[in-house]
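S.K.: this one's sequence-less:
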């Protein structure tokens, strides 16, 4: 297997990719934090997926330190890289990134190495204490904030758990016109690769990549559409999409608590783990505040707030936070499958049903993106 660090692009390659991605996702420099906010010691500038600066999550930190967190939101790692490419040093202080992009951030000289002694890594589940995507050249560059699994999300009135226990259900006659797709190549194609028997799913030689493409292309006649995150919620609610590979409980938990008959399963062929990680941005003048923010984010109270956020529930890696969740919100612990007794979300990981979501190893990002575009245009 190709090592993700040794295969990292150099800065020139990263900038070339970032320019192309910036053009495709339409990220404008006018949307970046102002120079005043970047310099203000009472403002922590945070680059993140949407929703992570919700007052229920960061309000306590802001009050404790007398600061304001300003968030610049992105959707998808490609858009994040485009923002990074357009950001002068010092624009951001902290970045939340999908762990598979961490080596690209390091290659772009965008993130600082972290001192492991500064963070409660021993509080994490043992499987996550030395998470491979966070360590490069034996140095720590990110700390896990939350994680989740991706498999098949499905309408429980239309399909049984037994029917969706294999990705083969996507090609069934019953699923014709009912298979939706999250319009992001990385999780969607990762699941297609697992469906074709590839473990790990992102380390494919030419023959395996071509075979995966052929299998995925054969699924186009089953498709109901290609959806943004907002469209996924609506299409699963109205039944237009009854099966969606490559998403997970971060979608279906919220819908289910609202009465929509949906669930997520990890098929027999396996599922993917997404991992959201916090890093300190290189060039920040507020490194101490950034470090304190990451430390705060790993406290049990902050972790429980992250796990139970109504619109986007997630699994959390902190064992003390699991205990707090079970002590104070036992029903939420049950719903999130983070109970300390009986089955829980770590079972699939321990059973080796889960593969880490990563970037392609033997092809370029552009190769996979182009293949996804071809699939959509069939």
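M.R.: Received it, and whenever you're ready, just let me know what you need. Computed from a prediction, not measured in an experiment: that's the story for all the values here.

S.K.: residues making contact with stretch 210-223?
M.R.: 170-171, 175-181, 189, 192-193, 195-196, 198, 204, 371, 374-375, 378 (CB atoms under 8 Å, 6 or more residues apart in numbering). Any C-beta I mention is one placed from the backbone N, CA and C, and that applies to glycine too.

S.K.: at 6 Å instead, please
M.R.: With CB atoms under 6 Å, 6 or more residues apart in numbering as the test, stretch 210-223 has contacts from 170, 175-176, 179, 192-193, 196, 371, 375, 378.

S.K.: Give me the buried stretch members for it, please.
M.R.: 211-213, 215-216, 219, 222-223 (16 or more other CB atoms under 10 Å).

S.K.: Most widely separated two among those?
M.R.: Maximum pairwise distance among those (CB to CB): 19.9 Å, between 211 and 223.

S.K.: that older thread, show me which of the buried residues of stretch 210-223 is closest to residue 237.
M.R.: Residue 237 lies nearest to residue 223 out of the buried residues of stretch 210-223, by CB to CB, at 18.4 Å.

S.K.: quick one on the thing from earlier: just the ones in helices from the buried residues of stretch 210-223, please.
M.R.: Secondary structure defined by DSSP state H assigns 211-213, 215-216 of the buried residues of stretch 210-223 to helices.

S.K.: If you rank the contacts of stretch 210-223 by neighbours, which is first?
M.R.: Greatest neighbour count in the contacts of stretch 210-223, by other CB atoms under 10 Å, goes to residue 193: 29 neighbours.

S.K.: what is the rounded mean pLDDT of the strand or helix carrying that residue?
M.R.: For residue 193, the host element (DSSP states H and E) is helix 185-195. Average pLDDT, helix 185-195: 98.

S.K.: What is it packed up against?
M.R.: helix 206-217, strand 243-248, helix 365-377 (3 or more CB pairs under 6 Å, 6 or more residues apart in numbering; DSSP states H and E).

S.K.: Which pLDDT value goes with residue 32?
M.R.: Listed pLDDT for residue 32 reads 77.

S.K.: report the longest strand in this protein, please.
M.R.: As assigned by DSSP state E, the longest strand anywhere in the chain is strand 143-155.

S.K.: who does it touch, helix- and strand-wise?
M.R.: Counting contacts by 3+ CB pairs under 6 Å, 6+ apart, strand 143-155 is packed against strand 243-248, helix 249-257, strand 262-265, strand 271-280.

S.K.: any idea which of these scores lowest on pLDDT?
M.R.: Ranked by mean pLDDT, these bottom out at helix 249-257, with a mean of 92.
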